[in-house]
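Colleague: Need a 3D model of the following:
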Amino acid sequence: MTLGEHSFSASGKPDLVLKAFEDFKALTGRSDTPDAAEQKGGTGGKVKPQKVPKSPGNLTLPAFLGRLTLKGGVQIGTAIVVWSAQHTDKDKLSSTEVQALWKQTKYKLPSNLGNLTRDLNKAVKQGLLRKEGERKDQVFYADAYEQQQVEKWATSDGA
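Modeller: Down below sits the predicted model:
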């Protein structure tokens, strides 16, 4: 679906999709629904997910994670993927790339790459990340909705 110049695409549980759509409308400053012409959006009915602009400055991974309250490997892995999307030129990461970034943090790394991949796949099932590809070619990424969910983990003291 397209609202003006902004695009929305989601799949999953209906209540999560509706919530994501409401969040999308709030982010774009639109509360009305598009007419049929806008919905087609000139892309043959296929709509690409909205990209989030890169954050200004160069927040380090440890600083980014330090301002979040993270519980377990699923959230840590998700936050690493989101940091990469927001603060580097790398929007999509393989498990191996997430593992390399994880080593730069204070958090204990999962015991092996299989466990890390398991945690990232759990994040996909929970709607915190998206993935493309299978097995060796698998990459994980976060669009606007997923990135917004991670921002909700920010500590209240703004650390």
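Colleague: in which helix or strand would I find the closest residue to P110 other than its chain neighbours?
Modeller: Distance criterion Cβ to Cβ, 6 or more residues apart in numbering; nearest residue to P110, sequence neighbours excluded, is L116 at 4.5 Å. In this view, the C-beta of every residue, glycine as well, is placed from N, C-alpha and C. Assigned by DSSP states H and E, L116 belongs to helix 113-125.
Colleague: That helix packs against which elements?
Modeller: Judged by 3 or more Cβ pairs under 8 Å, 6 or more residues apart in numbering; DSSP states H and E, helix 113-125 is in contact with helix 72-87, helix 95-102, strand 130-132, strand 139-141.
Colleague: Give me the distance between T78 and L113.
Modeller: Note on T78: its distance to L113, by Cβ to Cβ, to the nearest Å, is 17 Å.
Colleague: who has more neighbours, those two?
Modeller: Shown here are T78 and L113; by other Cβ atoms under 10 Å, T78 has more neighbours (28 against 14).
Colleague: Tell me which residues touch that one, please.
Modeller: Going by Cβ atoms under 8 Å, 6 or more residues apart in numbering, T78 touches L120, A123, L128, L129, A142, E146, V150.
Colleague: Could you provide the residues you listed in JSON lines, with additional columns for neighbour count?
Modeller: Output for the contacts of T78, formatted as JSON lines (neighbours: other Cβ atoms under 10 Å):
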{"residue": "L120", "neighbour count": "26"}
{"residue": "A123", "neighbour count": "24"}
{"residue": "L128", "neighbour count": "23"}
{"residue": "L129", "neighbour count": "25"}
{"residue": "A142", "neighbour count": "27"}
{"residue": "E146", "neighbour count": "24"}
{"residue": "V150", "neighbour count": "23"}
